[in-house]
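Participant: Fold the stuff below for me.
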Amino acid sequence: MQERNQLSIQLTNLQVDFDNVNARLEEETENAASLRSQLQKAVADYQTLKSRFDKELLARTEELEEIRLLFCLTCNFVITSLDNVDRF
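Facilitator: Have a look, this model is predicted:
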């Protein structure tokens, strides 16, 4: 009889342990889902910002290229004008 009581107590303890582990598993599963959701949002935000800044970078690069070309043309004009002044 005593052995049966001990087995019953062990079974009860195992059930409590199982319930605790199961509850912990559910909690960890919820935490993982929450983290996945946060990661997906962060990735989407990153992609949005990257796209916006890539467009902005392209526009600024084109603007700088136009300024560089205008500067080169102006320099060539000034050099040519100075050459013509030196000839007279």
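Participant: all contacts plus neighbour counts: C-alpha atoms, from now on.
Facilitator: Will do.
Participant: for the protein, what are the low-confidence residue spans?
Facilitator: 88 (pLDDT under 70).
Participant: mind listing the helices in it by residue range?
Facilitator: 2-87 (DSSP state H).
Participant: Pull the number of nearby residues for Ser34.
Facilitator: 12 (other C-alpha atoms under 10 Å).
Participant: now it: how far from Glu27?
Facilitator: 11 Å (C-alpha to C-alpha, to the nearest Å).
Participant: try Thr74
Facilitator: 69 Å.
Participant: can you check Asn76 too?
Facilitator: Distance from Asn76 to Glu27, by C-alpha to C-alpha: 72 Å.
Participant: Asn20 now?
Facilitator: 11 Å.
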